[in-house]
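A.B. asks: Mind folding the following:
(one chain, ligands or ions: 1)
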Amino acid sequence: MSKRNIQPTDREIVMREDDFIVSKTDLKGRITYGNRIFIEFSGFDERELIGVQHNVVRHPDMPRGVFKLLWGHIQDSKEIFAYVKNMCADGSYYWVLANVTPSVDPSGNVLGYYSVRRKPNPHAIPIVTQLYRDMLAEERRAGARDAIDASQRVLQQFLNDKGQSYEELVLSLQSL
Ligand SMILES: Cc1cc2nc3c(=O)[nH]c(=O)nc-3n(C[C@H](O)[C@H](O)[C@H](O)COP(=O)(O)O)c2cc1C
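C.D. replies: Purely as a prediction, here's the structure:
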């Protein structure tokens, strides 16, 4: 099934307290592994997920600026925590708090990437929704070429106002 044909709906699937959604990718972000809960939430069959780009679960409400931040961290061998809204095969959505890290071999070579997602604090979601909406609006206004810079300026302004880094923001929202 092509994700391009999926119409997003307002139906939310909420993670359970002790769910962990795990996936691994190669260096290009192609899925190499997904645990049972990842497959369950995605709504795809395992064979539709393995070998395809992780954007198969991307939700159109997600700003590109967030993924730019994510890739910037992991390609710099740093982990990142990020709130992400994902889309299921039937157009439903689910929010996660994702931790994404590089997978390294014993010599320190990066083999791919690894993500563990857990249930986000429900009180954080309205704040993140508004922030991502503002970022996305700015991306659309700026046009494709300048979208990422424009949305990162919105994020940076939000963080400056709070005097926080993105990581500090995520962790503080998690304990609201
Ligand atoms: C380990 C790992 C996990 C990822 N998990 C997700 C995810 O759950 N949802 C998502 O939309 N993108 C995820 N991404 C980012 C995607 O690779 C991609 O950058 C993003 O979906 C935007 O895709 P696009 O720019 O092609 O639209 C993940 C990347 C890596 C390396």
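A.B. asks: Regarding this protein, what is its longest helix?
C.D. replies: Longest helix in the chain by number of residues (criterion: DSSP state H): helix 125-142.
A.B. asks: buried ones in the helix or strand just after it?
C.D. replies: From helix 125-142 onward toward the C-terminus, using DSSP states H and E, the following helix or strand is helix 147-162. Residues of helix 147-162 classed as buried: 147-148, 150-152, 154-155, 158 (neighbour count, 16 or more other C-beta atoms under 10 Å). From N, CA and C alone the C-beta is placed, and that goes for glycine too.
A.B. asks: Residues contacting helix 147-162, please?
C.D. replies: With contacts defined as C-beta atoms under 8 Å, 6 or more residues apart in numbering, helix 147-162 is touched by 63-66, 68-69, 131, 134-136, 138-142, 165-166, 169.
A.B. asks: right, is that helix up against the ligand?
C.D. replies: No - contact of helix 147-162 with the ligand (C-beta under 6 Å from any ligand atom) is absent, the minimum separation being 9.8 Å.
A.B. asks: same deal with stretch 31-41?
C.D. replies: No - Stretch 31-41 lies out of reach of the ligand by C-beta under 6 Å from any ligand atom, never closer than 8.2 Å.
A.B. asks: do stretch 69-86 as well
C.D. replies: Yes - Stretch 69-86 reaches the ligand (C-beta under 6 Å from any ligand atom) through 70, 84, 86.
A.B. asks: Restrict that stretch to CA atoms and write it as PDB.
C.D. replies: Provided in PDB are the C-alpha atoms of stretch 69-86 (Å, rounded to 0.1, in the frame of the first residue of the first chain):
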ATOM      1  CA  LEU A  69      16.600  18.300  14.100                       C
ATOM      2  CA  LEU A  70      16.300  14.500  14.500                       C
ATOM      3  CA  TRP A  71      18.700  13.700  11.700                       C
ATOM      4  CA  GLY A  72      21.100  16.400  12.700                       C
ATOM      5  CA  HIS A  73      21.500  14.800  16.100                       C
ATOM      6  CA  ILE A  74      21.800  11.200  15.100                       C
ATOM      7  CA  GLN A  75      24.200  11.900  12.200                       C
ATOM      8  CA  ASP A  76      26.300  13.800  14.800                       C
ATOM      9  CA  SER A  77      26.300  10.600  17.000                       C
ATOM     10  CA  LYS A  78      23.900  12.200  19.500                       C
ATOM     11  CA  GLU A  79      20.600  10.800  20.800                       C
ATOM     12  CA  ILE A  80      17.400  12.800  20.600                       C
ATOM     13  CA  PHE A  81      14.100  12.800  22.400                       C
ATOM     14  CA  ALA A  82      11.200  14.200  20.300                       C
ATOM     15  CA  TYR A  83       7.500  14.200  20.300                       C
ATOM     16  CA  VAL A  84       6.300  12.700  17.000                       C
ATOM     17  CA  LYS A  85       2.800  12.300  15.600                       C
ATOM     18  CA  ASN A  86       2.600   9.200  13.400                       C
END
